[in-house]
Structures are given as C-alpha cells and as structure tokens.
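J.: Structure of the sequence below:
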Amino acid sequence: MDLSRRNVLRSALVAGGLATLGREMVLGSLSEQAVAAGRTTLVSTYGPGPANKKGYRKVVELAGDPRVVREDLGVAAGAGREQRRRGLLAFAQLSDIHVVDHQSPARVEWTDRYDDPNAGGVVPGLFASAWRPQEILSAQISDAMVRAVNGVDAAPVTGLPLEFAIETGDNSDNCQLNEIRWNIDILDGKHVVPDSGSRARYEGVMASDPLYYDTHYWHPHGSAPGRPVDRYRAQYGFPKVPGLLDAARRPFTAAGLDLPWYTCFGNHDGLAQGNFPTNTVPTGALATGSVKVISPPPGVAPADVLDPEGSTLEQVLSGVVISPYAKHVTADRARRHLSRGQVVDEHFRTSGLPVGHGFTAQNRRDDTAHYYFDRGPFRYVVMDTVNPNGYSEGSLDTTQLTWLKRVVGSATGKAVLVFSHHTSATMLNPLVGTGADVQPRVLGDEVTAFLLSRPRVIAWVNGHTHRNEITAHERADGSGGFWEINTASHIDYPQQSRLIEVADNADGTLSIFTTILDHAGPADHQQDLGSTVSLASLARELSMNDPQAEPDAPGAATDRNTELLVARPDDLG
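T.: Predicted structure coming up:
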C-alpha cells in the first residue's frame with residue numbers, strides 16, 4: 001500500500017444549465033483558441049522561473065501546452081474528423097481540493113519532519129507533506145479555481161458550454177464538519193469564514209510565538225524574538241510575508257460555480273487524516289479539544305504514530321503533556337469528524353444544484369455514497385472507493401460491485417463515464433471489517449477487467465494521486481478499451497483542474513478532449529494579500545517551492561492537453 005501523506009495523514013441553472021445536457025453542436029474548422037473564451041493551458045501556463053541562491057523560484061508565465069493525439073487503444077484518428085465531428089459533452093473536473101482547517105488540533109503537522117532525509121521514518125513517504133506551507137490558503141485556491149471554471153464561456157474544442165462540474169474526492173482534508181462546509185459553501189458562492197477556534201488570533205504551527213516556535217515550519221511573519229530563522233527561510237529561501245496569517249483567515253464571499261456540480265467521496269472525506277476510521281483513533285476527540293501538538297516531545301518516535309497507545313504520544317494527545325510541545329488552543333465543535341452518512345447529509349444543505357450534488361435519498365437511507373445519473377447520450381456512474389476499514393488506498397465492497405455491473409450493463413443506448421476518487425492502480429486495499437462487515441474487498445484489477453468487458457465504457461475519471469496522468473486500458477484482443485483520466489490536485493503543485501469534452505467523429509469513433517486549467521491566480525501575486533485570487537497566486541508559488549513537492553505531478557504532455565480516440569459504442573443514441 002502507498003502510505004504517502006497525501007493519502008494517509010494526508011433555479012435558472014435548472015432551466016439553463018441542466019437543459020443543455022446532451023446538446024450537440026456541429027463544428028467547422030474553427031481553431032481551438034478562437035472557440036475558447038476562457039484562458040486554458042492551450043494558450044499559456046505557469047512554471048518555475050530562475051532560482052535565487054537558495055533555490056527559491058518565482059512563478060512565471062510559460063508557453064501553452066500543445067494538444068497531443070493519442071491512439072493507444074488501437075483506434076485511429078481519421079482524416080477530416082475536425083470538419084465532421086459533433087460536440088456531445090463538455091464538463092469540468094475538480095479534484096483533491098483538500099480544504100484544510102490548518103489550525104485544527106487533529107492535524108499532525110509535527111510528523112512531517114519524519115520524512116526529511118535521514119529522519120529515521122518507519123516507511124518512506126509515510127509522513128510526506130503532513131504539513132504544507134501553502135495549506136493555509138486552500139480555501140482561497142478553491143475560490144480561484146471556481147473563478148477560472150466560470151471564465152470558460154465555451155469549451156475549447158466543441159464550443160459547447162460546460163454542463164456541470166464534478167469533484168473527484170478529497171474535497172476536505174480531515175473529514176471535519178467545518179472543512180466540508182467550506183467546500184460546499186465555496187462552490188455554492190456563500191460567505192465563507194476560513195477560520196476556526198479563536199477568531200481573534202491565529203493558533204496554528206506557523207505563529208511566531210517564542211514558546212512554541214519550531215524551526216521546522218515556515219513562519220511568514222518572521223522568526224520569534226530571540227529564535228533562529230526557520231529552515232524554510234534559511235535553507236530553501238522562502239520569503240517573509242507579513243500579515244499572511246491574518247489574510248488567510250479573513251472572511252470572503254465566494255464566487256460560486258455557475259454550473260450544477262456533483263461530488264465523489266474521497267479517503268480524506270471519510271477517514272481521519274485520510275487513513276484512520278474516525279472511531280478508532282484519538283484524533284476525533286482531539287479535533288474538538290483544546291490541545292494542539294506543535295512539536296514531537298522527546299521519546300516520541302515515528303513508530304509511535306502508527307501505534308500511539310502506551311507511548312509518550314498518548315500522553316501528549318490526552319493533554320497530559322503541554323508546553324513546550326503542545327499548547328492550549330480554543331476548542332471548536334465545528335471541527336468534529338463526520339461519518340460518511342453525515343457527509344452525504346451536508347450536501348443536501350446547499351443553495352447549489354442539484355440538491356445533494358449527486359447523492360440521493362437512497363444514499364441517505366442506506367449510508368452509501370455511490371450513485372449514477374443519465375443526461376442525454378451519457379450515463380455517469382460515481383463509485384465510492386473509500387475503504388471504511390482504514391488506510392488511504394481504495395477498494396469496493398462486493399455489494400457495490402454488483403450495483404456497478406447492473407448500472408453499467410443497463411445503460412442501453414448510452415456511453416458510460418465512470419468517476420471515483422481512487423485510480424485503478426491505487427485500489428489495492430484488501431482490509432475487511434469485523435462483525436457483520438466481513439465481505440471481501442474488490443480491488444482495482446477486478447474493476448478494470450469488468451469495465452473492459454463493457455464496450456459502452458469510454459472513460460474512468462479520478463484523482464487521489466495529485467498528478468496528471470492518462471492511462472489507456474486496452475482489451476487483450478486489441479478491440480479497443482477505455483481511457484483512465486487522472487487529474488492533479490488543488491492543494492499541491494501544479495494546482496490544476498481539467499476540462500473534458502466528448503465529440504462524435506461520424507466515423508465510428510469518439511474523441512475525448514482533455515484540457516488542463518490553471519486557477520485564476522496570476523503568475524505574480526505582487527505582495528497583494530487583499531483578494532482570494534492574489535492569495536491563490538501566492539499559494540501556487542509556495543506549492544512549487546515546497547521541498548516535498550512531487551516534480552512529476554504536472555505529468556507529461558501526453559497526460560495534459562490531449563485528444564483520446566475511442567470506439568463509439570454501437571448503440572449510442
């Protein structure tokens with residue numbers, strides 16, 4: 001199992017928006033840039049500029065990415081298809097938003113150091129990015145991404161309006177009520193207060209408080225009096241940004257998506273720190289309590305995090321040990337962990353459409369999070385790949401596999417797009433429960449094999465890995481297959497989402513177009529802390545310089561702006 005922190009600790013719309021589902025448009029030879037009203041990475045994108053003497057880089061605007069045609073499934077790109085094709089579908093995918101309560105006592109930022117070189121971590125990657133310098137701006141990143149999606153007046157190839165947006169999981173970071181509400185309210189366009197505990201002061205690990213000052217964290221306001229420069233400034237060249245901790249907590253009115261939006265359930269939405277059942281670890285009580293661990297006290301080893309009972313860590317978590325390793329903070333009931341059913345219920349407390357955001361009354365009755373819906377010539381199937389028994393990686397229960405086979409098998413006359421949080425390669429969690437929950441888990445290979453057996457399945461869209469990657473799943477007999485489209489996160493660099501379009505080429509093939517979208521933050525924030533967009537720009541810069549950032553997260557050109565050829569289902573209406 002991959003135990004990396006990103007997985008472990010890691011109205012008018014009804015009449016206008018939904019009515020367009022299934023709409024077709026006949027295209028001529030218009031160029032993509034002429035059709036696209038919104039700025040996408042076809043035009044330009046962002047990346048690292050020159051490094052200072054410590055390696056810190058500013059973000060600069062770069063040339064756009066070309067569109068790459070992929071025929072990996074053995075389906076040829078026919079000549080003249082650009083003039084023949086009809087646009088069938090356009091939508092936006094948002095993934096791994098990770099709206100973070102960065103002051104929560106349930107966070108384990110102090111374990112991040114165990115993934116530093118020569119730190120003696122028990123599993124390489126286990127604690128990677130348990131703390132991120134940019135995580136204080138996760139709400140602002142989300143709002144900036146919504147603004148970017150709203151700016152796309154026409155999809156870049158088909159020219160169609162975007163019909164909906166869908167989140168592919170890890171919408172919150174620690175399955176806390178306040179995080180889940182922030183996520184919903186940002187997409188709904190509500191007044192958002194991205195703050196918890198005391199509203200009078202910042203109470204997290206980045207405060208320049210001399211008693212709790214820990215050089216492992218970046219302190220944007222500067223060093224505590226009499227204390228050394230933190231390692232992010234000293235070693236990596238991070239800047240001072242006075243006022244940032246207050247700006248990150250400042251209320252704002254979110255733009256709100258101009259589209260209907262749907263959601264998937266991710267491991268960080270259902271498990272404490274994305275890894276542990278909320279009823280089996282002490283972080284549940286810790287979340288609503290008044291003790292926040294800042295630094296690991298002497299005697300706490302990496303192994304204690306995996307088995308905290310009986311260790312010095314247990315004393316810290318229970319509040320026995322306070323200064324200077326843990327401090328009293330303002331308790332907040334809004335930080336309480338939610339169960340899967342409670343997360344589903346929150347999506348019915350919304351001003352956006354559709355009410356429930358895909359979740360159904362049956363989901364509420366059955367305590368489930370998988371569903372499907374039909375629009376035009378497409379069936380959209382949303383799986384719940386979170387293993388409630390624990391660990392970051394995914395799987396299905398056998399009941400859901402039976403459901404999946406039924407809803408895909410009954411999609412007569414439609415092409416099927418499947419959505420989930422986990423990728424096929426990260427659905428490798430076999431853990432079973434106790435008591436009545438002892439049925440075996442269904443892993444990614446079995447799900448992939450089933451989807452390959454159904455020619456109407458054209459794509460599986462997901463997240464979880466925080467990287468852009470597109471995989472061709474081809475049948476053994478060479479008769480085609482489907483595309484797996486995995487998209488990077490909002491929380492980590494490169495902080496991107498994806499536009500997905502489907503066009504009928506009128507030659508027995510479909511083209512799936514994928515186009516990467518940067519959030520609305522400009523390249524240079526210019527020291528402006530006054531808007532969500534400028535703060536998101538700073539967040540992109542910080543994420544790019546995070547020493548634990550994954551350099552391959554943007555993916556190759558073949559994983560970003562693409563045309564993916566796939567066979568047209570014979571009975572497609």
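J.: where does A326 land on pLDDT?
T.: Turning to A326, the model gives it a pLDDT of 88.
J.: what do you get for V192?
T.: According to the per-residue confidence, V192 scores 98 in pLDDT.
J.: Now P494. Nearest residue, chain neighbours left out?
T.: Leaving aside its sequence neighbours, P494 sits nearest to P554 (Cβ to Cβ, 6 or more residues apart in numbering; 4.7 Å). Glycine gets a C-beta too; all of them are placed from N, C-alpha and C.
J.: Tell me where the stretch 351-500 of the chain has helices.
T.: In the stretch 351-500 of the chain, the segments counted as helices under DSSP state H, counting those that start in this stretch are 361-366, 398-409, 444-452.
J.: Contacts only, for P194.
T.: Residues counted as contacts of P194 (Cβ atoms under 8 Å, 6 or more residues apart in numbering) are 99, 138-140, 182, 248-252.
J.: Which of those fall in strands?
T.: Using DSSP state E, the subset of the contacts of P194 located in strands is F252.
J.: Can you lay out the contacts of P194 as a markdown table showing distance to R147 and pLDDT?
T.: Written out in a markdown table, the entries for the contacts of P194 read as follows (distance: Cβ to Cβ, whole Å; pLDDT from 0 to 100):
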| residue | distance to R147 | pLDDT |
| --- | --- | --- |
| V99 | 16 | 98 |
| S138 | 15 | 98 |
| A139 | 13 | 98 |
| Q140 | 11 | 98 |
| W182 | 16 | 98 |
| A248 | 18 | 98 |
| R249 | 20 | 98 |
| R250 | 17 | 98 |
| P251 | 17 | 98 |
| F252 | 12 | 98 |
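J.: And the contacts of P194, which is closest to E550?
T.: Within these, the smallest distance to E550 is 17.5 Å, found for S138 (Cβ to Cβ).
J.: wait, that closest one sits on D101?
T.: No. Assessed by Cβ atoms under 8 Å, S138 is found out of contact with D101, at 9.2 Å.
J.: Between the two, which contacts overlap?
T.: The contact lists of S138 and D101 share D173, where a contact means Cβ under 8 Å, 6+ apart.
J.: contacting residues around G356?
T.: Contacts here follow Cβ under 8 Å, 6+ apart; on that basis G356 touches 344, 347-348, 350, 363.
J.: Need the per-residue pLDDT for it.
T.: The predicted local distance difference test score for G356 is 98.
J.: where does it fall, phi/psi-wise?
T.: In terms of degrees, to the nearest 10, the main-chain angles of G356 are phi 90, psi -20.
J.: on that earlier part again, take the contacts of G356 and keep only those in helices.
T.: Mapping the contacts of G356 onto helices (DSSP state H) picks out 344, 363.
J.: which of the contacts of G356 tops the neighbour count?
T.: Comparing the contacts of G356 by number of neighbours (other Cβ atoms under 10 Å), V344 comes first, having 26 neighbours.
J.: Please enumerate the strands of the stretch 301-450 of the chain.
T.: Assigned strands in the stretch 301-450 of the chain, in chain order: 326-328, 371-375, 378-382, 396-397, 415-419, 441-442 (criterion: DSSP state E, counting those that start in this stretch).
J.: before we move on, what about the stretch 51-200 of the chain?
T.: Chain-ordered strands for the stretch 51-200 of the chain, with DSSP E, counting those that start in this stretch as the definition, fall at 57-63, 68-70, 86-94, 165-167, 191-192.
J.: what's next to the last one, contact-wise?
T.: So the one you mean is strand 191-192. Residues outside strand 191-192 that contact it (Cβ under 8 Å, 6+ apart) are 139, 143, 182, 185-186, 251-254.
J.: picking up where we left off before, to R81, which of the strands of the stretch 301-450 of the chain lies closest?
T.: Of all those, strand 415-419 comes closest under Cβ to Cβ, at 17.1 Å.
J.: Parallel or antiparallel, which strands does that closest one pair with?
T.: Under the criterion DSSP bridges, strand 415-419 sits next to strand 378-382 (parallel), strand 457-462 (parallel) in its sheet.
J.: what is the orientation angle of that strand with helix 398-409?
T.: Counting by axes from the mean of the first three to the mean of the last three Cα atoms, to 10 degrees, strand 415-419 lies at 150 degrees to helix 398-409.
J.: quick revisit: next, format the strands of the stretch 301-450 of the chain as a markdown table and append distance to V300 and mean neighbour count.
T.: Rendered in a markdown table, the data for the strands of the stretch 301-450 of the chain read as follows (distance: least, Cβ to Cβ, whole Å; neighbours: other Cβ atoms under 10 Å):
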| stretch | distance to V300 | mean neighbour count |
| --- | --- | --- |
| strand 326-328 | 11 | 19 |
| strand 371-375 | 42 | 18 |
| strand 378-382 | 40 | 23 |
| strand 396-397 | 36 | 24 |
| strand 415-419 | 40 | 25 |
| strand 441-442 | 32 | 21 |
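J.: can you map out the helices along the stretch 201-350 of the chain?
T.: Ranges of helices within the stretch 201-350 of the chain are 231-234, 244-248, 267-270, 283-287, 302-306, 312-317, 340-346, based on DSSP H, counting those that start in this stretch.
J.: could you give the mean pLDDT of the fifth one?
T.: Read that as helix 302-306. Across helix 302-306, the average pLDDT comes to 64.
J.: One more: the last one?
T.: For helix 340-346, mean pLDDT is 97.
J.: in that helix, what counts as buried?
T.: Within helix 340-346, the residues scored as buried using 16 or more other Cβ atoms under 10 Å are 340, 343-344, 346.
J.: Could you do the first one as well?
T.: Neighbour-count burial for helix 231-234, counted by 16+ other Cβ under 10 Å, picks out 231-233.
J.: quick check, nearest of those residues to Y325?
T.: The shortest gap between Y325 and any of those belongs to R231, at 18.3 Å (Cβ to Cβ).
J.: pretty sure the closest one contacts H219?
T.: No. With contacts counted by Cβ under 8 Å, R231 stays clear of H219, the gap being 10.3 Å.
J.: Quick check: closest non-adjacent residue to W403.
T.: By the measure of Cβ to Cβ, 6+ apart, the closest residue to W403 outside its immediate chain neighbours is H370, 6.5 Å from it.
J.: Excluding sequence neighbours, find me the nearest residue to the residue sitting furthest away from the middle of the chain.
T.: The C-alpha centroid of the chain is most remote from G226, which lies 39.3 Å away (Cα atoms, centre = their mean). Here the nearest residue to G226 in space, its sequence neighbours aside, is P210; by Cβ to Cβ, 6+ apart that works out to 6.4 Å.
J.: Pipe the buried residues of helix 231-234 into CSV and attach pLDDT per row.
T.: Below are the buried residues of helix 231-234 laid out as CSV (pLDDT from 0 to 100):
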residue, pLDDT
R231, 95
Y232, 97
R233, 97
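J.: Just send these back as CSV, with distance to G64 too.
T.: As requested, those are exported to CSV (distance: Cβ to Cβ, whole Å):
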residue, distance to G64
R231, 36
Y232, 32
R233, 34
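J.: Among the residues you listed, which one lies nearest to P133?
T.: Looking across the buried residues of helix 231-234 and measuring by Cβ to Cβ, the closest to P133 is Y232, at 6.4 Å.
J.: Verify the stated contact: that closest one with Y217.
T.: Yes. Applying Cβ under 8 Å, one finds Y232 in contact with Y217, separated by 7.2 Å.
J.: overlap in contacts of the two?
T.: Between them, Y232 and Y217 have P133 as joint contacts when contacts are counted by Cβ under 8 Å, 6+ apart.
J.: Look at D477 and say how many residues are nearby.
T.: Every residue meeting other Cβ under 10 Å relative to D477 is counted, giving 6.
J.: Next up, the contacts around D269.
T.: With contacts defined as Cβ under 8 Å, 6+ apart, D269 is in contact with 169-172, 175, 180, 343, 386.
J.: now for the strands paired with strand 415-419, which one comes closest to H519?
T.: Of all the strands paired with strand 415-419, it is strand 457-462 that lies closest to H519, at 19.1 Å by Cβ to Cβ.
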